[in-house]
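Asker: Requesting a structural model of the entry that follows:
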Amino acid sequence: MDSYDCVSNPLEYCLGRIVGTVGIVRIGATMSLSSAEVRISELAKACPGQYIIFCRTTGRVVAKSTDPTLR
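Answerer: The predicted structure is shown next:
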């Protein structure tokens with residue numbers, strides 16, 4: 001999985017859930033990509049759906065719940 005450097009803000013990695021045609025609902029933020037991945041994995045187990053992690057500074061999606069690293 002590719003990751004991007006997003007260290008300018010303590011809560012740089014935002015977590016979102018893709019909701020139908022509405023778009024993305026922001027559900028939280030973490031300080032590190034690894035913390036975000038763990039949180040998304042836990043959320044996906046509790047409430048199946050599509051989740052993403054994106055860098056707040058760049059707006060780039062850095063991981064999706066369908067990535068093998070998040071299972």
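
Asker: Report the beta-bridge partner residues of the spatially most central residue of the chain.
Answerer: In the chain, the residue lying closest to the centroid (C-alpha atoms, centre = their mean) is residue 53, at 1.8 Å. Under DSSP bridges, the beta-bridge partners of residue 53 are residue 15, residue 63.

Asker: Is it in contact with residue 18, as I believe?
Answerer: No: shown here, residue 53 and residue 18 do not form a contact pair, counting by C-beta atoms under 8 Å, at 11.9 Å. Where C-beta positions appear, they are placed from N, C-alpha and C, glycine not excepted.

Asker: circling back to that earlier point, for residue 64, see how far away the residue nearest to the centre of the chain is.
Answerer: From residue 53 across to residue 64, the span is 8 Å (C-beta to C-beta, to the nearest Å).

Asker: what's the burial count for residue 14?
Answerer: Other residues near residue 14 come to 20 when the count uses other C-beta atoms under 10 Å.

Asker: I'd say it and residue 29 touch.
Answerer: Yes: contact criterion C-beta under 8 Å: residue 14 and residue 29 qualify, at 4.9 Å.

Asker: which residues are common contacts for the two?
Answerer: residue 56 (C-beta atoms under 8 Å, 6 or more residues apart in numbering).

Asker: re the thing from before, so who does the residue nearest to the centre of the chain touch?
Answerer: By C-beta under 8 Å, 6+ apart, residue 53 lies in contact with 13-16, 33, 36-37, 40, 61-64.

Asker: Recalculate using a threshold of 7 Å.
Answerer: By C-beta atoms under 7 Å, 6 or more residues apart in numbering, residue 53 lies in contact with 13, 15, 33, 36-37, 40, 62-63.

Asker: All set now, cheers.
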